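Peer 1: my questions concern the predicted model and sequence given below.
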Amino acid sequence: MNLTVLGSTGSIGTQTLDVARERGWTVGVLAAGRNLDLLAAQIAEWRPAVVSVDGSVYAEASARFSSLDIRLIADPTEAATLPADVVVNAMSGLPGLAPTRAALESGRAVALATKEAMVTAAALIWEAAARGGGRLVPIDSEHTGVYQCLNGEALEDVAEVILTASGGPFRDGPADLSGVTPAQALKHPSWSMGQKITIDSATLMNKGLEVMECASLYGLPLSQVGVVVHPQSLVHAAVRFRDGSLKAQFGPADMRLAIAYAVDAAPDGMTRPGDVRAARRGAAVGEHLGWPMRGTWEFREPDHARFPCLGLAYRAGEAGGLLPAALNAADEVAVPAFLAGQIGFTDIPRLIGRVLDETPAGTLTWDTLEEVQAWATARAHELVNGGVNS
Ligand SMILES: NC(=O)C1=CN([C@@H]2O[C@H](COP(=O)(O)OP(=O)(O)OC[C@H]3O[C@@H](n4cnc5c(N)ncnc54)[C@H](OP(=O)(O)O)[C@@H]3O)[C@@H](O)[C@H]2O)C=CC1
Ligand SMILES: CC(=O)[C@@H](O)[C@H](O)COP(=O)(O)O
Ligand SMILES: [Mn+2]
């Protein structure tokens, strides 16, 4: 198996390389952002033919890697189109959307961690896959859980899909979240992840994005996608069928299992919503992680009053059109602003709610998507700078 890894220096990117090492895969294309020290170590180990870096560090990377036999580019979208058995997209946020589109239009098999692509542009992404012959399998732990539960099943038999949420670091308090700090919010109780998704887990926006991602992947209405808080993060998703039977997927809270599953399944993967064709014959990874069938497993209702982001996501998903993209863009401004101390934790949903209130209705196209993202980003910055309650 020869991989392209986009976002190679991040949490999912480095775990993808761990899996590649364990499984004996090769890596022909590495795309990173600005972390040239880690990228240099990855180039030395993997000897890729092509390396992409963020444009802001291209000159520095050119000088640093000039003696190496690699083609250096500053374009993850071009990197995504190059020949590979599977493109793993582990870029965080909106920058990961164009590479997802390009990979699918080029007929690539994509193992997709970048949830923002399906949240903001699912219909367009599926069109791109249909046009180019691309295939797609999710990496996100809940969505690989649903994928595995649906294998061999018909979507018309599904009554409901349940995604589990850890509940984040504040699931048991404090009651008033207005004073919590970035350091507290970054202490995720069960997963080790990049900063943006970790804050999204603390606000429950991560689960909101995942509800939309799930509906988009499997072609389900949001009314059929529910959330339960499960502090142990061992059950990742469950599906209830119309005959009353239930299937759940569980395993240790370690993304290497989800990554390996997605990479194995991607070449034969989804070409349209709900098209689950998991022809997967991979060797074992993470056998040392063991069998987590011990202890107590709890399941609780989410607390919508303390975590309004979940409701905002349902609202945007139900409205459809341009609202999911506006919600996502506003969140991508609000989270760094919280981390930088510019706004408080409870300002995050307040800001996103304000942006949603003002988002114009519209039909989703690649052009309107770009416009609404630019508008929502600018409006969110105005609210950060001028005061969320102004
Ligand atoms: N972490 C997890 O367990 C999970 C993550 N996800 C999703 O996966 C995605 C990645 O998450 P995570 O790994 O935690 O995020 P990280 O912030 O850890 O990693 C993001 C990566 O994107 C890279 N990047 C930034 N700009 C560019 C660019 N121009 N070209 C290529 N790469 C770039 C960063 O590079 P650099 O550091 O070099 O600047 C970094 O390697 C997110 O969408 C997240 O929601 C989904 C489920 C679980
Ligand atoms: C590992 C993974 O898939 C994350 O998206 C995880 O779900 C985050 O944890 P929360 O359940 O706290 O959002
Ligand atoms: Mn997840």
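Peer 2: Now that the structure is in, tell me what you want to look at. Note that the structure is predicted; figures quoted are calculated from it, not measured. Ligands and ions are numbered 1, 2, ... in the order given.
Peer 1: excluding its backbone neighbours, what's nearest the residue of the stretch 201-350 of the chain found nearest ligand 1?
Peer 2: For the stretch 201-350 of the chain and ligand 1, the shortest gap (C-beta to the nearest ligand atom) falls at Met255, measuring 4.6 Å. Yep, even glycine has a C-beta here, placed from its N, CA and C like the rest. Closest residue to Met255 apart from its sequence neighbours, by C-beta to C-beta, 6 or more residues apart in numbering: Gln15 at 5.2 Å.
Peer 1: what pLDDT does the one you found get?
Peer 2: Per-residue confidence (pLDDT) for Gln15: 98.
Peer 1: related to what we said a few turns ago, who touches the residue of the stretch 201-350 of the chain closest to ligand 1 in this structure?
Peer 2: The neighbours of Met255, taking C-beta atoms under 8 Å, 6 or more residues apart in numbering as the test, are Ser11, Ile12, Gln15, Ile139, Ser141, Trp191.
Peer 1: the residue nearest to Met255: which element?
Peer 2: According to DSSP states H and E, Gln15 maps onto helix 11-23.
Peer 1: tell me which residues in that helix are buried?
Peer 2: For helix 11-23, a neighbour-count test (16 or more other C-beta atoms under 10 Å) marks Ser11, Ile12, Gly13, Gln15, Thr16, Leu17, Asp18, Val19, Ala20 as buried.
Peer 1: again with stretch 294-305
Peer 2: Here stretch 294-305 shows Pro302 as buried, counting by 16+ other C-beta under 10 Å.
Peer 1: and for that stretch, what's in contact with it?
Peer 2: 164-165, 167, 171, 204, 207, 227-232, 234-235, 310-311.
Peer 1: restricted to strands, list those residues.
Peer 2: Thr164, Ala165, Val227, Val228, Val229, Val235 (DSSP state E).
Peer 1: these two touch, right, the last one and Leu246?
Peer 2: No: in this structure, Val235 is not within contact of Leu246 by C-beta atoms under 8 Å, at 11.0 Å.
Peer 1: more crowded one of those two?
Peer 2: Val235 (19 against 12; other C-beta atoms under 10 Å).
Peer 1: leaving out sequence neighbours, find the closest residue to that one.
Peer 2: Leaving out its chain neighbours, Val235 is closest to Phe250 (C-beta to C-beta, 6+ apart), at 4.5 Å.
Peer 1: thought the one you found was touching Trp291?
Peer 2: No: counting by C-beta under 8 Å, Phe250 does not reach Trp291; the two are 10.1 Å apart.
Peer 1: so the two - more neighbours on which side?
Peer 2: Set Phe250 next to Trp291 and count neighbours by other C-beta under 10 Å: Phe250 wins out with 17 against 8.
Peer 1: dihedrals phi and psi, that one?
Peer 2: phi -140, psi 160 (degrees, to the nearest 10).
Peer 1: one more: Gly320?
Peer 2: According to degrees, to the nearest 10, Gly320 has phi 70, psi -150.
Peer 1: dump the residue contacts of it.
Peer 2: Here Gly320 is in contact with Leu364 (C-beta under 8 Å, 6+ apart).
Peer 1: for it, report the pLDDT, please.
Peer 2: In this prediction Gly320 is given a pLDDT of 97.
Peer 1: Asp37 versus that one, what's the distance?
Peer 2: 43 Å (C-beta to C-beta, to the nearest Å).
Peer 1: looking at it, Gly317 is touching Met212, isn't it?
Peer 2: Yes: counting by C-beta under 8 Å, Gly317 touches Met212, with 4.4 Å between them.
Peer 1: shared neighbours, those two?
Peer 2: With C-beta under 8 Å, 6+ apart as the test, Gly317 and Met212 both reach Leu222, Pro324.
Peer 1: okay, those two: which has more neighbours?
Peer 2: Met212 (27 against 23).
Peer 1: pretty sure Ala316 is one of the things the more buried one touches, is it not?
Peer 2: Yes: Met212 is within contact range of Ala316, at 7.3 Å (criterion: C-beta under 8 Å).
Peer 1: anything in contact with each of those two?
Peer 2: With C-beta under 8 Å, 6+ apart as the test, Met212 and Ala316 both reach Pro324.
Peer 1: ok, Tyr314 - how many residues close by?
Peer 2: Count around Tyr314 with other C-beta under 10 Å applied: 17.
Peer 1: ramachandran coordinates for it?
Peer 2: phi -60, psi -40.
Peer 1: next up, the contacts around it.
Peer 2: Gly208, Val211, Leu222.
Peer 1: again, but for Gly274
Peer 2: Counting by C-beta under 8 Å, 6+ apart, Gly274 has contacts Leu150, Leu155, Leu217, Tyr218, Gly219, Leu220.
Peer 1: roughly how far apart are it and Gln249?
Peer 2: With C-beta to C-beta as the criterion, Gly274 and Gln249 are 17 Å apart.
Peer 1: tell me the secondary structure at Lys247.
Peer 2: Following DSSP: H, G, I helix; E, B strand; the rest coil, we place Lys247 in the strand state.
Peer 1: quick one: it from His143, how far?
Peer 2: 15 Å.
Peer 1: who's more crowded, the two?
Peer 2: Between Lys247 and His143, His143 has the larger neighbour count (other C-beta under 10 Å), namely 27 against 17.
Peer 1: the more buried one sits in which helix or strand?
Peer 2: helix 141-150.
Peer 1: now that helix: average pLDDT?
Peer 2: For helix 141-150, the per-residue pLDDT averages 97.
Peer 1: could you pull out the buried residues of that helix?
Peer 2: Ser141, Glu142, His143, Thr144, Gly145, Val146, Tyr147, Gln148, Cys149, Leu150.
Peer 1: packing partners of that helix?
Peer 2: Packing partners of helix 141-150 (3 or more C-beta pairs under 8 Å, 6 or more residues apart in numbering; DSSP states H and E): strand 135-138, strand 158-165, helix 205-218, strand 235-241, strand 246-250, helix 255-265.
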